[in-house]
Structures are given as C-alpha cells and as structure tokens.
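Engineer: Build the 3D model from these lines:
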Amino acid sequence: MSALFSPIKLRGLELPNRIMVAPMCQYSSVNGEANDWHFTHINTLALSGAAMFCIEATHVEAIGRITPGCLGLYDDATEAALKPILVSVRKHSKTAVAIQLAHAGRKASSHKPWDGGQQIPVSQGGWQAEGPSAVPHKEGEAPPLALDAPGLARVRDAFVNAARRAERLGIDAIELHSAHGYLLHQFLSPISNKRTDQYGGSLQNRMRYPLEVFDAVRAAFPAEKPVGIKVSATDWVEGGWDLAQTIEYAKELKKRGVDWIDASSGGVSPLQKIPLGPGYQVPFAQAIREAMASPPWRSASSPRRNRRKTSLHRARPTWSRWRAPCSTTRAGAGTPRPNSAARSKRRRNIGARNPRRRRRCSGPRRSARGKGP
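Structural biologist: Residues are numbered from 1 along each chain as shown. Predicted coordinates for the structure are as follows:
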C-alpha cells in the first residue's frame, strides 16, 4: 500500500491516511465570524476522504487579520460562529478537524485578493498594522508599529486564548502559521526584523519570539492533541531567511514537541524570485526530514496522483497536503490563479475530451474562492 494511504498516529489522534486538506483563506467573513459560506466550504471538504481537514488561517486578533474578510477566533462571537459548523461536520464526517492560528503582522489591513490585495490605508477604513520592526512590506506602504514588550505579551496571549477557544470547540489539532511573510515569519526573517533587543539580530534572537508563542500554545492545548507549524523554508531573497536557518528552527521546535512541520516558502518580500515548477518545494521537506528524522509535510499545489507518488518516493514526506495556488497580491505570494469561470470551462473541456479524466477528478475538490494560506 502507498505510504500516502497508510495510517498515522499523532499523539492521541489516529488518522487512517496521510492526506490533509490544507487551510485555504476564503476572505468571506464579516467581523471575523464564519457564516453560511464557511458552513458549505468546510462541510463539503470534510467529506473528501482526507484524514484531516484544516480550517483556513484563523486570526488571533482583529488587527491581525490579513483582510477585513478573514476568519478570526478572538472573541465569543467568532467562537460561537464556528460552533454549528463543527457540530455539522461531526454529524456527517469522521475526518479530524485542525485549525491554523495566524497573525498577519505587517501584512494586515489588506484588500481581498480579487480587489487587488494591496494595503488599506487607515483613512479608507483600514487599521494600523503591527510587526517586529517599523519596516513596511513594500515601498510606499505605511510602516507597521514595532511591537513593544506589552504588545508582544498581548499577541502571545492572543494565540493562547485562541488555542483555548479551539479546544472548547472540539478542534483536534492546531497548526501555527509561521510562514508566508506573516507575523511569526516576520520575526524570523532578517528582511523584516531589524530589532536590536533580544528578539532581533542573531538567529537565536530572531527565533525567540516564534518559539515563545509555540511554547505557550503547546502548554495551553491538551497534551494528547497535536500541534504542528507551517514554515517558509526560504524567502527566495538574498540575505533573507533560508533553508539552513529553517533547519535550525526545526530542531528547536523538535525539542519542544512539534508534531509536524509544513514546508512552504516565500511571502515576506515582493522581491522574491520563486522558481515555480512541479514539486519545487519537495526538497525543503526532504532536507528538514533528513536533519530532524521526524515528519515534515510539504504543501502540494497539484492534486495529480503521479506527482504525489513521486514526491513520496523522492522526499519521503510523511504527509501530503492539497492546496490551492496563492495569488500574486500583498495578501499572498505565488502563482496567479485563473478566475473561477475559466477554471470551470477548462474542467468541462477536459471532461468532454476524456470522460475517464472527469471520473478521476471526482475526489476532493478545492474551493473556487480559496487559496493556501
């Protein structure tokens, strides 16, 4: 049997296969609250046959949302909005449910991708973003406020409170978002972190705050439930975060009991040069696995079975995740996505030419409005 379809146990969570539906931002919330769109999206993908479904990047503070439409888990209202969705999932599906906890940092207060994805000025209904340093994501944007000691404590506590809310909701696992140029990644990268205190400068200092957040979340979430993390293995910018530093970060996380590492890349700088191609992120998972001898995941933007099989044999990642490609906006870095009408037309054309192809594509589907956070 293929390793992809073999069972795995993460702490007390037993999974029948090693496929997880990756978190995909929907940008469809109001005041951070899930709604009928999320009910449909989550319940549909919970029936995919994947062992685990991960709820989209869910922000631990209102000011930590990427866009005004991003999901949150930071007050009683956002918690209550998710509850009926999870009740429905449990009624109709046996899939495990994870949640990705995130804070956008300096990339907060952005327009939705289909509205351009650029920063929303405070004067136009945006809000003041925060980050490790007062360095904007790109030239011409308003800089974030550099987090001071009380701000760091506030954000760390927000992650903890979100983890506790996730436990009350019956969530099975947590993934911390430490990638794609969002807050925890911003602390790691020398491109965005220009601090001169104990949280900036050396690699050990730049890792300090993300590791503090991980420790706090791990302590707040039940010991029998797994906590993983998503990392950008490289910034794809000279002088930025790279694979060697990622491996050191992974080793520190291993000491703290991380249950998986999802290897992605990029997002911290618009100057990134990503050599896109089939399986281009698999070598990151392979290098992390070899350095740690523990289970990384790789973010797979193609559901083709031959690519999944090849990746499993080459890099031997324990997990494979299906995700939608990112958009080329401030809200996400990666390859452009065709609009939903174009994708639907292409699927119809493929099915008309090859009925067998249509039947093969009847498995887990990606949301037309989603992207991998």
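Engineer: Need phi/psi at the closest residue to residue 270 other than its chain neighbours.
Structural biologist: Once flanking residues are discounted, residue 270 sits nearest to residue 138: 4.7 Å by Cβ to Cβ, 6 or more residues apart in numbering. (Glycine included, C-beta is placed from N, CA and C.) The phi/psi pair for residue 138 (degrees, to the nearest 10) reads phi -150, psi 160.
Engineer: Which parts of this protein are strands?
Structural biologist: With DSSP state E, the ranges of strands along the chain come out as 8-10, 13-15, 19-21, 52-59, 96-102, 130-131, 145-146, 173-178, 227-232, 261-264, 296-300, 319-322.
Engineer: Now do residue 226 against residue 168, distance only.
Structural biologist: 18 Å (Cβ to Cβ, to the nearest Å).
Engineer: I would like the residues contacting stretch 204-213, please.
Structural biologist: 132, 152, 155-156, 159, 176, 178, 184, 187-190, 193, 195, 197-200, 248-249, 252-253, 256 (Cβ atoms under 8 Å, 6 or more residues apart in numbering).
Engineer: give me that answer again for 6 Å
Structural biologist: Stretch 204-213 is contacted from outside by 156, 159, 178, 184, 187, 188, 193, 198, 199, 249, 252, using Cβ atoms under 6 Å, 6 or more residues apart in numbering.
Engineer: Adding neighbour count and pLDDT as columns, could you present those residues in JSON lines?
Structural biologist: Shown next, in JSON lines, are the contacts of stretch 204-213 (neighbours: other Cβ atoms under 10 Å; pLDDT from 0 to 100):
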{"residue": "156", "neighbour count": "17", "pLDDT": "98"}
{"residue": "159", "neighbour count": "25", "pLDDT": "99"}
{"residue": "178", "neighbour count": "27", "pLDDT": "98"}
{"residue": "184", "neighbour count": "27", "pLDDT": "98"}
{"residue": "187", "neighbour count": "27", "pLDDT": "99"}
{"residue": "188", "neighbour count": "28", "pLDDT": "98"}
{"residue": "193", "neighbour count": "23", "pLDDT": "98"}
{"residue": "198", "neighbour count": "11", "pLDDT": "98"}
{"residue": "199", "neighbour count": "20", "pLDDT": "98"}
{"residue": "249", "neighbour count": "23", "pLDDT": "98"}
{"residue": "252", "neighbour count": "16", "pLDDT": "98"}
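Engineer: out of these, which are inside helices?
Structural biologist: Among these, DSSP state H puts 156, 159, 184, 187, 188, 249, 252 in helices.
Engineer: What is the nearest of these to residue 115?
Structural biologist: Lowest distance from residue 115 to the ones in helices among the contacts of stretch 204-213 (Cβ to Cβ) belongs to residue 184, with 25.9 Å.
Engineer: ok, that closest one - contacts?
Structural biologist: With Cβ under 6 Å, 6+ apart, residue 184 has these contacts: 178, 210.
Engineer: how close does it get to residue 207?
Structural biologist: Counting by Cβ to Cβ - residue 184 and residue 207 are separated by 10 Å.
Engineer: now residue 58
Structural biologist: Counting by Cβ to Cβ - residue 58 and residue 207 are separated by 24 Å.
Engineer: residue ranges for the helices of the protein, please.
Structural biologist: 36-45, 76-92, 149-168, 183-188, 203-220, 243-255, 282-292, 305-314, 340-353, 355-360.
Engineer: Give me the number of neighbouring residues for residue 92.
Structural biologist: Using other Cβ atoms under 10 Å, the number of residues around residue 92 comes to 10.
Engineer: With adjacent residues omitted, what lies nearest to residue 164?
Structural biologist: residue 220 (5.6 Å).
Engineer: Sorry, slip of the keys, the one I care about is residue 165.
Structural biologist: Going by Cβ to Cβ, 6+ apart, residue 165 has residue 79 as its nearest residue, at 4.7 Å.
Engineer: And the pLDDT for the one you found?
Structural biologist: Residue 79 carries a pLDDT value of 98.
Engineer: shouldn't it be in contact with residue 166?
Structural biologist: No: contact between residue 79 and residue 166 fails when scored by Cβ atoms under 6 Å: they sit 8.8 Å apart.
Engineer: These two - which one has more neighbours?
Structural biologist: More neighbours surround residue 166 than the other of residue 79 and residue 166, with 26 against 20 (other Cβ under 10 Å).
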